[in-house]
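S.K.: the following comprises the amino acid sequence and a computationally predicted model.
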Amino acid sequence: MEHVKDVFWILHQVTRVLKKGGHFIVGVPNLAALPQRFLLVIGQQPSCIQNCSAHVRGYTKRDFVCLVNSGFDGYKLKNFKGSGFRPLPNFLAKPLAKLLPTMSGSIFFDFQKTKGYEGNGYLTYPVEQHLETKFYLGG
């Protein structure tokens with residue numbers, strides 16, 4: 001998801017084909033990871049969203065949950081975890097990521113679809129919100 005611009009199209013397709021009760025499991029680099037925060041404090045671009053890289057989006061837990069809920073209110077966050085705590089060694093990074101997942105290097109979501117997807121909520125959301133970016137919405 002951090003590599004694509006057209007997140008609404010992807011969410012529409014995932015939600016359209018996922019059965020009620022199914023799980024949408026996804027992991028993304030964490031823009032709010034502790035090392036990323038330090039980079040911002042010293043005036044540096046966070047490494048997970050550098051302009052001269054393949055990443056075009058940065059995510060935090062709250063922002064990703066908001067995105068998933070933007071066009072459809074039928075997902076429930078069943079599980080959330082973090083992984084990695086650079087530059088620490090694994091014996092420290094693993095317990096810290098478990099204790100502080102919102103500060104870990106990568107964040108992982110398990111959303112369960114709780115109802116059917118009627119209509120095109122993810123495709124109408126950017127239009128209704130007057131988002132100026134030209135998102136691919138099918139067609």
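M.R.: Right, received. Where do you want to start?

S.K.: spatially central residue for the chain, please.
M.R.: Nearest to the mean C-alpha position of the chain, by CA atoms, centre = their mean, lies residue 64 at 3.8 Å.

S.K.: using the three-state scheme, assign the residue lying farthest from the centre of the chain.
M.R.: Relative to the C-alpha centroid of the chain, counting by CA atoms, centre = their mean, residue 91 is the outermost residue, at 26.4 Å. Put simply, residue 91 is helix when judged by DSSP: H, G, I helix; E, B strand; the rest coil.

S.K.: circling back: ok but the residue nearest to the centre of the chain is inside a helix, no?
M.R.: Yes. Secondary structure of residue 64 (three-state DSSP): part of a helix.

S.K.: who are the contact partners of it?
M.R.: 1, 28, 107, 109 (CB atoms under 8 Å, 6 or more residues apart in numbering). Quick note: C-beta positions are derived from backbone N, CA and C, even for glycine.

S.K.: in strands, which of the residues you listed fall?
M.R.: 28, 107, 109 (DSSP state E).

S.K.: before we move on, back to that, for the contacts of residue 64, pick the one with the most neighbours.
M.R.: residue 107 (26 neighbours; other CB atoms under 10 Å).

S.K.: how far away is that residue from residue 72?
M.R.: For residue 107, the distance to residue 72 (CB to CB, to the nearest Å) stands at 20 Å.

S.K.: hang on, the earlier thing: the contacts of residue 64: which two are farthest apart?
M.R.: For these, the maximum inter-member distance is 11.0 Å, found between 1 and 107 (CB to CB).

S.K.: residues near the nearest residue in space to residue 48 that is not next to it in sequence, how many?
M.R.: In this structure, residue 48 finds its nearest non-sequential neighbour in residue 29, 3.8 Å apart by CB to CB, 6 or more residues apart in numbering. Counted by other CB under 10 Å, the residues lying close to residue 29 total 20.
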